[in-house]
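*Asks:* Here is a sequence together with a model predicted from it:
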Amino acid sequence: MNENVALRSALDKNLKSAVTTAFLMLPESFSEEDLFIEIAGLSYSGDFRMVVGEDKTKVLNIVKPNIAHFRELYGNILQENPQVVYKIQHGRLEIDKSPEGQFTQLMTLPKTLQQQINHIMDPPGKNRDVEETLLQVAHDPDCGEVVRLGLSAIVRPSSMKQSTKGIFTAGVKKTVVYSSLKLHKMWKGWLRKTS
C-alpha cells in the first residue's frame, strides 16, 4: 500500500513538472492542444532522432487522437493551478508570464532542470546560486528558450546512449535497415506536410 502511495505521489509530481515546464515554453495564451503537444514533446526535446529519422509530426500524431485522455490526465492540475485561467469550454488557457509568475514556475521545476539552466546561464567564474540564475531567467524575454535548452541538454545524452546501445544490441545490419525505414517514414511525413 505504501509503495502505491509513493508511486502515485511521484507520478503526480511528474505530471505537474511537465505542465510547469510546458507553461514556461508557451506564450501567455494558448490552446489545450498547444499545451498537450508541448508536454508530449518534452521527452523528444534534444533527441537527435527527431532531427534525422523521425516523422516530424510524431508528437502531433500522439496528441491529436488522444486529446480527451490528456484532458483527463491533466485537467485537475490545470484547474487547481492558481497561475492559470483555464477556459475549459473554449479549450483555451492563459498563464501568468510576468517575471514573478515565471520565477514561481522556474522554482518548481525539477532540480536537475534547474541545475542545467544554471549551468547554461551562469558565466564561468561567476558561481551564482541556482535561485539567482532563475530570477535572471524569469526576467529574460527568451525564458522559454532557456528552459528548452536546459531540457535538451538533459535529453540529448540519454537519446545518444539509447541509439548507440541499439546499434550494438541489434547489430549493424538491422540498424541500417531500421534506420532506412525510419528515414523513409520521415520523408513520407515531410511530403504529406508540404502537399
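*Replies:* Structure's in. What do you need? Numbering: from 1, shown residues only.
*Asks:* contacts, neighbours, all on C-alpha from now
*Replies:* Fine.
*Asks:* burial count for P99?
*Replies:* Neighbour count of P99, defined by other CA atoms under 10 Å: 17.
*Asks:* I'd guessed it sits against D142; true?
*Replies:* No - P99 is beyond contact range of D142, at 11.5 Å (criterion: CA atoms under 8 Å).
*Asks:* Wait, Q105 touches T20, no?
*Replies:* Yes - here Q105 reaches T20: they are 6.1 Å apart, a contact under CA under 8 Å.
*Asks:* Secondary structure of Y86: a strand, I assume?
*Replies:* Yes - assigned with DSSP: H, G, I helix; E, B strand; the rest coil, Y86 falls within a strand.
*Asks:* which residues does it contact?
*Replies:* The neighbours of Y86, taking CA atoms under 8 Å, 6 or more residues apart in numbering as the test, are 78-79, 92-94.
*Asks:* what's the next secondary structure element after the strand or helix carrying G101?
*Replies:* G101 is located in helix 99-107, with elements delineated by DSSP states H and E. Per DSSP H and E, the first helix or strand lying C-terminal to helix 99-107 is helix 111-121.
*Asks:* Who are the packing partners of that next one?
*Replies:* helix 130-139, helix 143-170 (3 or more CA pairs under 8 Å, 6 or more residues apart in numbering; DSSP states H and E).
*Asks:* just checking, what packs against the shortest one?
*Replies:* Just to be clear, that refers to helix 130-139. Under the contact criterion of 3+ CA pairs under 8 Å, 6+ apart, helix 130-139 touches helix 99-107, helix 111-121.
*Asks:* what does that helix rub up against?
*Replies:* Contacts for helix 130-139 (CA under 8 Å, 6+ apart): 99-100, 102-103, 106-107, 114-115, 117-118, 121-122, 143, 146.
*Asks:* Is it possible to mark the buried ones in those?
*Replies:* 99, 102-103, 106-107, 114-115, 117-118, 121-122, 143, 146 (16 or more other CA atoms under 10 Å).
*Asks:* and the spatially most central residue of the chain, what does it touch?
*Replies:* A centroid search over the chain (CA atoms, centre = their mean) returns L42, at 2.1 Å, as the residue closest to the centre. The contact partners of L42, taken as CA under 8 Å, 6+ apart, are 18, 22, 151.
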